[in-house]
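> Quick one, what's the 3D model for this:
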Amino acid sequence: MSHFDYKSFDSIDLQSEFFDSLRDDYPAFDEWFAKKSINQEKAYVLYNDNEQITAFLYLKIETELDPLISPPLPREKVLKVGTLKIQAHGTRLGERVIKKIMDNATERNIHTIYVTIFDKHEHLISILLKYGFRHWGIKSGAAEEELVLVKSLDPVDMLGDIFHDYPLFSTENSNCWGLSIYPKYHTKLFPDSILKNESYDLLSDIAPTNTISKIYLSAMKCINEMSQGDIVLIYRTSDNLGPARYRSVVTSICVLEEVSNIYSYTREQFLSYCSKGSIFTLTELEYFYNSKKYPFILRMTYNISLQKRVTNEQLQEVVGLSPAYWGCFSVTESQLLKILTLGEANKSLVRLGSHA
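Here you go, the predicted structure:
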């Protein structure tokens, strides 16, 4: 089982060898850790199946400027990534941590995130830059200067790039769709959208769970009408534990990166393209390629997990949706906003089109 625990510092094993590299980078790390323990502060910790730490994330709200950062950060409440370490092992864990940071800022309604990092951590820096962090300046005061990277969650700073803007998205020049997914696939692909009655055993430390970009295979013809940048509502179908009006729910918001067709790939290309972002085994993917059972391939970013799931009943009676087919259906901008309201999502993440 693998999922983030939000734990107090005094319940985390400081003697774990996981923290050795942090001691090397920060000679006063143990003293810092002890102060956090005394103050009963908390951090996100991810353990593997052997109860070993594979990721550690400490986040802190700051309201005063850090005098060691040049140029100064904006004079506003910011979220600082105080300490971040990932034990990289080929499962896209860095992306899962990036989403955790974004989600935390979104929940607290904070529009600026920053992290200080040594330039030797090239892989982690590359992930941060991909998802919209930018070089800001330098933090001095230690034996070695650190880079300062800043991420804006203000829609005015959007560039129209799906990755740079993440998790922000725009309805301008975009259509919105509902797309169904079976429960057995849902939570492995969308781990932060787990339902309360589901087991955390589903949340394995595997690439399809961790990656921000998700692969979806389908035979539904309406996918031919979808385009890059379209908004996709993930509609988890009923698990048959109760009436579908209450068990079929919208859980997540995604943005479409790309639509392609299985016939445009060789076998090797298809397996390479789908292996990291889908929850299917290599054997299953080979079967899909040979059978062409699901010819349409969607790749989309996992932007928002709704705080409250929006039921089929609400979609019909409050939102006003009544599609002929719930597998894939069109959603208007006004209906999207109603769904975001019902789902208690932070609507500041959405830049509305000029027609709104």
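> any residues touching the top helix by length along the chain, and which ones?
With DSSP state H setting the assignment, residue counts place helix 93-107 as the longest helix in the chain. Residues from elsewhere that reach helix 93-107, judged by CB atoms under 8 Å, 6 or more residues apart in numbering: 4, 44, 46, 54-55, 57, 59, 79, 81, 84, 86-88, 111, 113, 123-124, 127-128, 131, 151, 153, 166-167, 191-192, 205, 209-213, 302, 304-305, 346, 349. No exception for glycine: its C-beta is placed from N, CA and C like everyone else's.
> Please pick the buried ones from these.
Buried by 16 or more other CB atoms under 10 Å: 4, 44, 46, 54-55, 57, 59, 79, 81, 84, 86-87, 111, 113, 124, 127-128, 131, 151, 153, 166-167, 191-192, 205, 209-213, 302, 304-305, 346, 349, out of the contacts of helix 93-107.
> Could you tell me which of those are located in strands?
Applying DSSP state E to the buried ones among the contacts of helix 93-107, the entries found in strands are 4, 44, 46, 54-55, 57, 59, 79, 81, 84, 86, 113, 151, 213, 302, 304-305.
> Please point out which parts of the longest helix of the chain sit buried.
93-102, 104-106.
> Do a quick rundown of the strands in the stretch 251-356 of the chain.
296-311, 328-331, 350-351 (DSSP state E, counting those that start in this stretch).
> Turn those strands into TSV, including distance to Phe18 and mean pLDDT.
Formatted as TSV, those follow (distance: least, CB to CB, whole Å; pLDDT from 0 to 100):
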stretch	distance to Phe18	mean pLDDT
strand 296-311	26	93
strand 328-331	44	96
strand 350-351	38	90
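> nearest to Phe280, of those?
strand 296-311 (11.7 Å; CB to CB).
> Just checking the distance from that closest one to the centre of its chain.
With CA atoms, centre = their mean, to the nearest Å as the basis, strand 296-311 stands 10 Å off its chain's centre.
> Give me the phi and psi for Asn346.
Dihedral angles of Asn346 (phi, psi; degrees, to the nearest 10) stand at phi -80, psi 110.
> ok, it to Phe169 distance?
Applying CB to CB, to the nearest Å, the value for Asn346 to Phe169 is 12 Å.
> Please apply the same query to Glu145.
Distance of Glu145 to Phe169, given as CB to CB: 35 Å.
> Tell me which of those two has more neighbours.
Phe169 (25 against 16; other CB atoms under 10 Å).
> who are the neighbours in contact with Asp239?
Counted by CB under 8 Å, 6+ apart, Asp239 has contacts Pro183, Arg247.
> Next: the one 5 residues further on.
Residues counted as contacts of Ala244 (CB under 8 Å, 6+ apart) are Thr237, Ser238, Asn312.
> Mind doing that once more with 10 Å?
Taking CB atoms under 10 Å, 6 or more residues apart in numbering as the criterion, Ala244 is in contact with Thr237, Ser238, Thr311, Asn312, Glu313, Trp326.
> so the first one touches Ser180, yeah?
What it means is Thr237. Yes - between Thr237 and Ser180 there is a contact at 5.1 Å, judged by CB atoms under 10 Å.
> joint contacts of these two?
By CB under 10 Å, 6+ apart, Thr237 and Ser180 have these common neighbours: His186, Ser248, Trp326, Gly327.
> can you pull the contacts of the last one?
Contacts for Gly327 (CB under 10 Å, 6+ apart) come out as Gly178, Leu179, Ser180, Ile181, Ser218, Ala219, Met220, Cys222, Tyr235, Thr237.
> Kindly recompute the last result at 8 Å.
Contacts of Gly327 (CB under 8 Å, 6+ apart): Leu179, Ser180, Met220.
> re earlier: among the strands of the stretch 251-356 of the chain, single out whichever gets nearest to Thr63.
Closest approach to Thr63 among the strands of the stretch 251-356 of the chain is made by strand 296-311 (24.8 Å; CB to CB).
> and the angle from the closest one to helix 93-107?
Counting by axes from the mean of the first three to the mean of the last three CA atoms, to 10 degrees, strand 296-311 lies at 40 degrees to helix 93-107.
> Strand 296-311 - contacts with which helices or strands?
With contacts taken as 3 or more CB pairs under 8 Å, 6 or more residues apart in numbering; DSSP states H and E, strand 296-311 sits against helix 93-107, strand 213-218, strand 231-236, helix 244-247, strand 249-261, helix 333-342.
> Comparing these, which yields the minimum mean pLDDT?
Looking at the helices and strands packed on strand 296-311, the lowest mean pLDDT belongs to helix 244-247 (a mean of 75).
> residues of it that come out buried?
The neighbour-count check on helix 244-247 (16+ other CB under 10 Å) flags Arg247 as buried.
> do stretch 316-332 as well
Of all the residues in stretch 316-332, those buried under the rule 16+ other CB under 10 Å are Val319, Leu321, Trp326, Gly327, Cys328, Phe329, Val331.
> dump the residue contacts of the second one.
Same thing as Leu321. By CB under 8 Å, 6+ apart, the neighbours of Leu321 are Gly178, Leu315, Phe329, Val331, Gln335.
> Need the per-residue pLDDT for it.
Per-residue confidence (pLDDT) for Leu321: 97.
> what pairs with the spatially closest residue to Pro323 that is not a sequence neighbour across the strands?
Nearest non-adjacent residue to Pro323, counting by CB to CB, 6 or more residues apart in numbering: Phe329, 3.5 Å away. Applying DSSP bridges to Phe329 gives these bridge partners: Gly178.
> if we can go back for a sec, output the strands of the stretch 251-356 of the chain in JSON lines, with distance to Asp157 appended to each entry.
Shown next, in JSON lines, are the strands of the stretch 251-356 of the chain (distance: least, CB to CB, whole Å):
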{"stretch": "strand 296-311", "distance to Asp157": "16"}
{"stretch": "strand 328-331", "distance to Asp157": "26"}
{"stretch": "strand 350-351", "distance to Asp157": "10"}
